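Colleague: From the sequence below, what's the structure:
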Amino acid sequence: MSRIGKTPVTVPSGVSIDIDGRSVKVKGPKGELSRDFHERVSISLDEGDAIVERVDDTRESRALHGLSRALLANMVEGVSEGYKKELEVVGVGYRATLKGRDLEMQLGFSHPVSYSAPDGITFDVPEATKIVITGIDKELVGQVAANIRKIRPPEPYKGKGVRYVGEHIRRKAGKAGR
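Modeller: Coordinates of the predicted model:
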């Protein structure tokens, strides 16, 4: 049996889960998330815990068991605490600013690059070289961070570009010279 799938999801106070067949809605102090789960897993509530069980023992059901439990746990954690990803902008003249809800970045191109915040995502720029992405949907926060990093990924020679905070960039030596 799946070790991740068989552990129940503890529901903190202030968070409510509504189960309607395959559709699950999670409401909390930070917002509301909903998701349709696969028919091979069933979700039930038991004394403040959400329990994910699989319908049968086929290979696909076993694969979906732990996944569904992890997705439900991420939904509960998102509406109660939220998620955040931090990016840093490295390079001479590279900087980020906030224009309303949009993020505008100078990344060495001949023009500034603008990135619009999707619904449920907020940007914060505490310094000109630091970007903080917050939201309640873990998947969306990670995807937005990856999309911003993809605009100018860190290059291996000088390390310039947009990187996650704490990310190690493997550096290359460059030309040997004369």
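Colleague: Averaged pLDDT, the longest helix that the chain contains. What do you get?
Modeller: What stands out as the longest helix in the chain, according to DSSP state H, is helix 59-80. This predicted structure assigns helix 59-80 an average pLDDT of 94.
Colleague: Contacts for it, please.
Modeller: The contact list for helix 59-80 (Cβ atoms under 8 Å, 6 or more residues apart in numbering) reads 1-5, 7, 9, 11-12, 14-15, 17, 24, 26-33, 35, 37-38, 40-41, 43, 50, 52-55, 83, 135-139. Where you see a C-beta, it was placed from the backbone N, CA and C, and this is true even at glycine.
Colleague: What residues sit buried inside the helix or strand that comes right after it?
Modeller: Using DSSP states H and E, the helix or strand that directly follows helix 59-80 along the chain is strand 83-90. For strand 83-90, burial by neighbour count (16 or more other Cβ atoms under 10 Å) applies to 83, 85, 87, 88, 89, 90.
Colleague: possible to save the residues you listed as TSV with distance to residue 128 and pLDDT?
Modeller: What follows is these, written out as TSV (distance: Cβ to Cβ, whole Å; pLDDT from 0 to 100):
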residue	distance to residue 128	pLDDT
83	24	97
85	18	97
87	13	97
88	11	96
89	8	96
90	12	95
